[in-house]
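1. I need the structure of the sequence given here:
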Amino acid sequence: MSHSPRFRTVASCTTLLVVLGAGITACGSDGHPLSAAPYDAAGQIAFNGPKDESRKADPDMPLEFTVDGDEGRITDVTATDASGRYVAGELSADGGRWHSTSPLAAGARYTVRVSTENEDGAPGRKVLAFDTGTPTTKKRLNVTFGPKAGKYGVGQPVTAELSAPVKDRAARAVVERALKVDSKPAVEGAWHWVDDKTLHYRPKEYWPTQATVRAHSNMGGIKIAERLWGGDAKPLDITIGDRLVAVTDASAHTMTVFRNDEAIKEIPVTTGKPGFDTRNGVKVVLGKEYFVRMRGTSVGIAEGSADSYDLPVYYATRVTWSGEYVHAAPWSTGSQGSANVSHGCTGMSTDNAAWFFENVREGDIVKVVNSQGEDMDPFGNGFGDWNVDWKKWRTGSALVDGAPDGPSQAERARLRPESA
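-> Residues are numbered from 1 along each chain as shown. Presented below is the predicted three-dimensional model:
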């Protein structure tokens, strides 16, 4: 004899799936299914919820069918809406459980066909129909702005981290319109989607010196997409300091530091030697660490090899997450100003490194030119945002005509131990 599986919504008892079609077949189930006794060996259907046809299923709740292993197994389940769109699902290896893996639509009618097989191999089938109502809860899309409140350099991007991914272009446009960045003095700027949950905002040029910047959201209560609504966000206020830009010429082995476009110090340096060349391009200061232990093994150098090292490093100013710093390198003072001998960092005397450490802040610019190294990654290894020209930056916005549906997701570099 064939049998019928248990059918329920995974939810509280106030959420139910109730409107069933009259065409229920298999195992002699006569009469309206809601009047049937709880599931037994005769194949009756049981529901986890009120038996009331006036109630509708919550589309936010998944579907689930189960059957006891000693009474047979489920062999197939198909669920479609009135337009023929399928609901994706997953069947356990033993056939004891099927559950949906894609969301249901609100205000839709679904037909579900469940195929079963009893312990003797005899097939059975049930056809169910039900309606969905409106969601009982709204999913909230929250946003967290970065960096922390404080004073930063002219290169500091504003970041927005979303609590859920947003892939659809139209939904992204709703988000962007609601995320505001205001500055005094006012500047031209734009958001750029780094990935489905991360946006960066920067001006066309560096921030003006002594500017005030406020990031805030008007997304609260706004419908972003089906069943996704904007939540509240804490605004962010930062200020901008002087325009400090340090330019390292790897071929000339010098760093020139400019404050408000005036050269204030020239420092002899050493950068990455062949095979460990320092990255070219614009980097943003990520932080400062007075002491860092740097080991060659952290960047794949075998312990005991010719390039192996294990060094205490002072006055370390970080410019990439993967471990590129500007730091004191007293062991290489004989090469500073004349040769590149480091493993990728910019090394200088202890006195010069202390001066640099004391005069820069997060958000200041460190630019490397004339290195044989690769170019700085725009997003995967710190803030390389300024290596993207303005026209291309704008294509990362969902509000620009002709922009792609979304940039490819940037692979975020893992925070690895540092290199010297």
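2. Only C-alpha atoms from now on, for both contacts and neighbour counts.
-> Will do.
3. So in that sheet, which strands flank the helix or strand harbouring Thr239, and in what orientation?
-> Per DSSP states H and E: Thr239 is located in strand 236-240. Strand 236-240 pairs in its sheet with strand 150-152 (parallel), strand 212-217 (antiparallel), by DSSP bridges.
4. List of residues touching that strand?
-> In this structure, residues lying in contact with strand 236-240 by C-alpha atoms under 8 Å, 6 or more residues apart in numbering are 145-146, 148-154, 207-216.
5. at 6 Å instead, please
-> 149-153, 209-215 (C-alpha atoms under 6 Å, 6 or more residues apart in numbering).
6. list the buried ones in stretch 322-339?
-> Within stretch 322-339, the residues scored as buried using 16 or more other C-alpha atoms under 10 Å are 322-330, 332-333, 335-339.
7. any weak-confidence spans in the stretch 251-400 of the chain?
-> Applying pLDDT under 70 to the stretch 251-400 of the chain flags the ranges 296-300, 306, 308.
8. ranges for the helices of it?
-> In chain order, the stretch 251-400 of the chain shows helices spanning 350-359, 390-394, with DSSP state H, counting those that start in this stretch as the criterion.
9. Quick one: closest of those to Arg295.
-> For the helices of the stretch 251-400 of the chain, distance to Arg295 was read as C-alpha to C-alpha. The smallest value, 19.2 Å, belongs to helix 350-359.
10. In PDB, list the C-alpha atoms belonging to that closest one.
-> Output of helix 350-359 as PDB, limited to C-alpha atoms (Å, rounded to 0.1, in the frame of the first residue of the first chain):
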ATOM      1  CA  THR A 350      65.300  54.400  12.800                       C
ATOM      2  CA  ASP A 351      65.400  58.200  13.200                       C
ATOM      3  CA  ASN A 352      63.600  58.700   9.800                       C
ATOM      4  CA  ALA A 353      61.100  55.900  10.500                       C
ATOM      5  CA  ALA A 354      60.300  57.500  13.900                       C
ATOM      6  CA  TRP A 355      59.800  60.900  12.200                       C
ATOM      7  CA  PHE A 356      57.500  59.300   9.500                       C
ATOM      8  CA  PHE A 357      55.600  57.300  12.200                       C
ATOM      9  CA  GLU A 358      54.900  60.500  14.200                       C
ATOM     10  CA  ASN A 359      53.900  62.600  11.200                       C
END
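11. can you list contacts of that helix?
-> For helix 350-359, the surrounding residues in contact (C-alpha under 6 Å, 6+ apart) are 315, 327-328.
12. Please save the CA atoms from stretch 123-137 in CSV.
-> This file holds the C-alpha atoms of stretch 123-137, laid out as CSV (Å, rounded to 0.1, in the frame of the first residue of the first chain):
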residue,chain,number,x,y,z
PRO,A,123,4.7,3.9,-5.5
GLY,A,124,2.4,6.6,-4.1
ARG,A,125,1.6,10.2,-5.0
LYS,A,126,0.0,13.2,-3.4
VAL,A,127,-0.9,16.5,-5.1
LEU,A,128,-1.3,19.5,-2.8
ALA,A,129,-2.1,23.1,-3.5
PHE,A,130,-1.8,26.1,-1.2
ASP,A,131,-1.7,29.9,-1.3
THR,A,132,1.0,32.2,0.3
GLY,A,133,0.1,35.4,2.0
THR,A,134,2.3,38.4,2.9
PRO,A,135,5.4,37.8,5.1
THR,A,136,4.8,38.0,8.8
THR,A,137,8.2,39.6,9.3
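13. Return the distance of that stretch from the chain's centre.
-> Put simply, stretch 123-137 sits 34 Å off its chain's centre (C-alpha atoms, centre = their mean, to the nearest Å).
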